[in-house]
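J.: Next one to model:
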Amino acid sequence: MRLVTESVVHARLAALPGDEPRVVVTGNFATPRELVRVLDGALPRCRAFSLNIQTGWPRRPGWITETPFVGPGVRDDPLLEYLPVRLSMVPRVLRTHCPPDAVLLHTTPPRGGRVSLGIEVNLLPAAIEQVRARGGVVIAQVNPRMPFTLGDALVDVEHIDLALEVDTPLLSPIPHPVDPLCAAIGERAARYATDGGTVQLGIGQIPDAAAVHLRGARSLGVWTEMFSDGVLDLDRAGALDPDRPLRASFLFGSPELYAWVDGNPRVAMTRTEVVNDPARIAEQPTMLSINTALQVDLFDQVNASYVRGRIYSGFGGQSDFVSGALHSRGGQAVVGLRSWHDKSQSSNVVPLLHEPATSFQHSVIVTEHGAAEVFGRDAADQARLLIESAADPRARDELREAAGLRGRPA
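T.: Okay, the predicted model is just below:
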């Protein structure tokens, strides 16, 4: 790893081969913004591959964003290219259909011949392996404020070609208070946890609310795609098993969370093709997966990705964790959502999805009205449970009509 100036980085990126070089960039709240700025100025055209991109991302002719999970920075970008693929399969996509020419990282300074990827591991180990096999370049934005996390976050300095030193604060999401409906949904979802079991909490207010109600549990393990301050709160409440590593592929939250994970031997950052592997998830004891959705239909198909026909997010890890949790002994795949969309005055429990399904065949669908335990039910019982236990009362007659249940005994 050679420390260089911006001008050296600019020249190296400008020399990438092809008309549209592909550059994999650290995503979520760890985006190396200084390197992205240099890349933007170095290439008239490129393909920037990243995950859950936040605001401030370049948007101009010639800058093509590729992503399997759309973030707020690119949701209405006309040059966005969304890849509908499970997160566990993204390393395979990098190996086959989207080979990178360069990788831009956000790392710690070296310790003992290695840097840490800090709060974002995810697809990066696979990207580094692929770009090195192709003779491409790996460039790090080295920041002393990045937490030094362990596990697959550790990268030998010999695998990094160039490094640009910065000293900038890490981004944190804007905290939003959990509203009463999400609090009620999260409380119902948390009821499916068991002492000694394992939890995965997705992104959003409902998983955050569920974490609050898991504080009374004991000896929990964490095997999850990501975590935030809720896991820190669980640890402080004594809910976590101190002898089980906390596994995740990325995290984001408050500066307090970043300080807690820095050098923490219990936090094992894990590459996405391992932590999101349904078979590995299934090995976890009594796995509880808690995710959110935009809509669910009477066939227990969930849309968590599209709004009015346009991509909003993506598969992410939901389909991986739903499948893995259902194969865990005693496991549960819980999906929480509001029953009613206030702005459009319409039900989020619908007869049939008109958008692509993100996942299906869950254990339980939870709303503010109740919990529909649909696993193992026949099609008619499944529809009835969703209508009577999860749907808003304003939508139930229409849903019964659609399901052919009007006039039939409950």
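J.: where does the chain have low pLDDT?
T.: Low-confidence segments of the chain (pLDDT under 70): 406-410.
J.: Identify the spatial nearest neighbour of residue 84, chain neighbours not counted.
T.: residue 315 (6.5 Å; Cβ to Cβ, 6 or more residues apart in numbering). For every residue, glycine as well, the C-beta is placed using N, CA and C.
J.: For residue 5, see how far away that neighbour is.
T.: 40 Å (Cβ to Cβ, to the nearest Å).
J.: More neighbours: which of the two?
T.: Using other Cβ atoms under 10 Å, the more surrounded residue of residue 315 and residue 5 is residue 315, with 23 against 11.
J.: for the more buried one, what are its contacts?
T.: 68, 69, 84, 85, 86, 87, 305, 358, 359 (Cβ atoms under 8 Å, 6 or more residues apart in numbering).
J.: if I look at the fifth one, how far off is residue 135?
T.: As defined by Cβ to Cβ, residue 86 lies at a distance of 29 Å from residue 135.
J.: Ok, residue 125 next?
T.: Noted for residue 125: a distance of 18 Å to residue 135, by Cβ to Cβ.
J.: what number of residues lie near residue 190?
T.: Residue 190: 25 neighbours (other Cβ under 10 Å).
J.: In contact with the closest residue to it other than its chain neighbours, which residues?
T.: Nearest residue to residue 190, sequence neighbours excluded (Cβ to Cβ, 6+ apart): residue 213, at 3.7 Å. Contacts for residue 213 (Cβ under 8 Å, 6+ apart) come out as 186, 187, 190, 191.
J.: my read: residue 355 touches residue 301, true?
T.: No. With contact defined as Cβ atoms under 8 Å, residue 355 and residue 301 do not form a contacting pair (9.6 Å).
J.: May I have the phi/psi pair for residue 295?
T.: phi -150, psi 160 (degrees, to the nearest 10).
J.: Could you pull up phi and psi at the closest residue to it other than its chain neighbours?
T.: Counting by Cβ to Cβ, 6+ apart, residue 295 lies nearest to residue 303, which is 4.4 Å off, once chain neighbours are set aside. Dihedral pair for residue 303: phi -110, psi 110, per degrees, to the nearest 10.
J.: just to revisit the earlier point, higher neighbour count, residue 86 and residue 135?
T.: residue 86 (22 against 8).
J.: now the most centrally placed residue in the chain: how far from residue 232?
T.: The residue lying closest to the centre of the chain (Cα atoms, centre = their mean) is residue 316, at 5.4 Å. Using Cβ to Cβ, residue 316 is found at 22 Å from residue 232.
J.: again, but for residue 266
T.: Counting by Cβ to Cβ, the gap from residue 266 to residue 232 is 11 Å.
J.: more neighbours, the two?
T.: More crowded of residue 266 and residue 232, by other Cβ under 10 Å: residue 232, with 20 against 16.
J.: Buried ones in the helix or strand that one falls within, by neighbour count?
T.: Using DSSP states H and E, residue 232 falls within helix 229-236. For helix 229-236, the buried set under the neighbour-count rule, 16 or more other Cβ atoms under 10 Å, comprises 229, 230, 231, 232, 233, 234, 235.
J.: Nearest to residue 350 among the residues you listed?
T.: Among those, residue 230 lies closest to residue 350 (Cβ to Cβ), at 29.6 Å.
J.: can I assume the closest one is in contact with residue 201?
T.: Yes. Shown here, residue 230 and residue 201 form a contact pair, counting by Cβ under 8 Å, at 6.3 Å.
J.: Quick check: neighbours shared by those two?
T.: The contact sets of residue 230 and residue 201 overlap at 207, 208, 210, 211 (Cβ under 8 Å, 6+ apart).
J.: Please narrow the residues you listed to those residing in helices.
T.: Judged by DSSP state H, those include 207, 208, 210, 211 as members of helices.
J.: residues in contact with the residue nearest to residue 295?
T.: 293, 294, 295, 296, 353, 355, 356, 357, 358.
J.: Just those residues: which are in helices?
T.: Counting by DSSP H, the contacts of residue 303 contribute nothing to helices.
J.: could you dump these to TSV with neighbour count and distance to residue 171?
T.: Formatted as TSV, the contacts of residue 303 follow (neighbours: other Cβ atoms under 10 Å; distance: Cβ to Cβ, whole Å):
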residue	neighbour count	distance to residue 171
293	23	26
294	19	25
295	22	30
296	30	32
353	19	34
355	21	30
356	13	30
357	19	32
358	26	26
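J.: what separates the residue nearest to residue 190 from residue 196, distance-wise?
T.: Relative to residue 196, residue 213 is positioned 17 Å away (criterion: Cβ to Cβ).
J.: cool, residue 167 as well?
T.: 43 Å.
J.: Between those two, tell me which one has more neighbours.
T.: residue 196 (14 against 8).
J.: The more buried one contacts residue 286, doesn't it?
T.: Yes. The pair residue 196 / residue 286 is scored as a contact, 6.9 Å apart, by Cβ under 8 Å.
J.: now the helices for the stretch 201-350 of the chain?
T.: Using DSSP state H, counting those that start in this stretch, the helices of the stretch 201-350 of the chain run over 205-213, 229-236, 255-261, 272-275, 278-282, 318-327.
J.: so what secondary structure elements neighbour the shortest one?
T.: The criterion is 3 or more Cβ pairs under 8 Å, 6 or more residues apart in numbering; DSSP states H and E, and the helices and strands that helix 272-275 contacts are helix 90-96.
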